[in-house]
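Asker: need a structure here:
(one chain, ligands or ions: 1)
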Amino acid sequence: MTTAATRLKDKVCVITGGASGLGLASARRLVEEGAKVVIADLDEVRGQEIAEELGGLFVRTNVAEEEDVKNLFATTVEHFGRVDVAFNNAGINPTDDNSILTTDLAAWQKVQTVNLTSVFLCCKYALTHMVAQGSGSIINTASFVALMGAATSQISYSASKGGVLSMSRELAVQFAKEGIRVNALCPGPVNTPLLRDLFAADPVQAQRRLVHVPGGRFGEPEEIAAAVAFLASDDSTFVNASAFTVDGGITSAYVTAE
Ligand code: NAD
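Answerer: Got it, this is the predicted structure:
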């Protein structure tokens, strides 16, 4: 019988952005369920600490650099013999990406490179190994803003997440017969350093967003990690090409209760 403690037994999971927020909570959850994790992040100090805490491997990676990403998946396979799950999750949300009228080309391109080109690279090099194995689950972190428009615009961020969603869908359709699933995870606003740095620390800014969430609160990283564990596991073998929303209902809400 599969239990929570063994659902991911010996599955080798690569987690980009694993040193903070959603990646960190997911790394902890995957290990709790029996997985072996590879933490890939720019932050060498935290990345190394977390890998040690979890008995995993840290590979210093800039997901925007092709050689780094190639090395990440090659090192994973060298070390663990396979790669079962790629949680392509690292992303940024800088404040100089805002209204199209005030966002310059450099700010646009930086977000496209870190949030979208990175997912292209991670899928490419994960798939190289997964196709050879004939199995794998790829989970790409998009966002609820891939599905909705915001007047408080972050134009490149939203466009990058839309790109992650459609790229995931296309790869899912192309590789389904090779035993590989690809899903786009679409979290709602979650209480992580990324969100706190951006607006959650300011009560007025936070309230402007919270009014749209039916439950009136931001999500917690552990609530997203539970979905990641499901998508990583064989409990989700018929979940493919999805926009997997874990969003407290924000994408279905028109007017919320007072
Ligand atoms: P976070 O800032 O807490 O963590 C992001 C991690 O990615 C950090 O450890 C950082 O060092 C790493 N990183 C950044 N750039 C990198 C690069 N070039 N190469 C390697 N690592 C890099 O953020 P988070 O809130 O956990 O966000 C994780 C993902 O979830 C992002 O893709 C984000 O867009 C998405 N997301 C977050 C929310 C939210 O509300 N927090 C909602 C929807 C989607």
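Asker: what parts of the protein come near the ligand?
Answerer: By C-beta under 6 Å from any ligand atom, the residues of the chain that approach the ligand are 16-17, 19-23, 41-43, 61-64, 89-93, 114, 141, 143, 187, 189-190, 192-195. Where C-beta positions appear, they are placed from N, C-alpha and C, glycine not excepted.
Asker: excluding its backbone neighbours, what's nearest residue 37?
Answerer: With sequence-adjacent residues excluded and distances taken as C-beta to C-beta, 6 or more residues apart in numbering, residue 37 is closest to residue 56, at 3.9 Å.
Asker: model confidence at that neighbour, what's the number?
Answerer: Looking at residue 56, its pLDDT is 98.
Asker: thought it was touching residue 27?
Answerer: Yes: with contact taken as C-beta atoms under 8 Å, residue 56 and residue 27 are classed as touching, separated by 7.2 Å.
Asker: follow-up on the earlier one: just the ones of the residues of the chain next to the ligand in helices?
Answerer: Counting by DSSP state H, the members of the residues of the chain next to the ligand that fall within helices are 21-23, 193-195.
Asker: the strands in the stretch 51-200 of the chain, which residues?
Answerer: Ranges of strands in the stretch 51-200 of the chain, per DSSP state E, counting those that start in this stretch, are 57-60, 85-88, 136-141, 180-187.
Asker: just put those strands in JSON lines and tack on mean neighbour count.
Answerer: As requested, the strands of the stretch 51-200 of the chain are exported to JSON lines (neighbours: other C-beta atoms under 10 Å):
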{"stretch": "strand 57-60", "mean neighbour count": "20"}
{"stretch": "strand 85-88", "mean neighbour count": "30"}
{"stretch": "strand 136-141", "mean neighbour count": "26"}
{"stretch": "strand 180-187", "mean neighbour count": "26"}
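Asker: so for residue 50, which of these sits nearest?
Answerer: Within the strands of the stretch 51-200 of the chain, the stretch nearest residue 50 is strand 57-60; the backing value is 7.4 Å (C-beta to C-beta).
Asker: gap between the closest one and the chain center?
Answerer: A distance of 17 Å separates the centroid of the chain from that of strand 57-60, by C-alpha atoms, centre = their mean, to the nearest Å.
Asker: swap in stretch 59-67?
Answerer: What separates the centre of stretch 59-67 from the centre of its chain is 15 Å, taken as C-alpha atoms, centre = their mean.
Asker: quick one on the thing from earlier: tally of neighbours for the residue nearest to residue 37?
Answerer: Neighbourhood size, residue 56 [other C-beta atoms under 10 Å]: 25.
Asker: what about the nearest residue to residue 148 once chain neighbours are set aside, neighbour count?
Answerer: Beyond its immediate neighbours in the sequence, the residue positioned closest to residue 148 (C-beta to C-beta, 6+ apart) is residue 251, lying 5.8 Å away. By the other C-beta under 10 Å criterion, the neighbourhood of residue 251 contains 16 residues.
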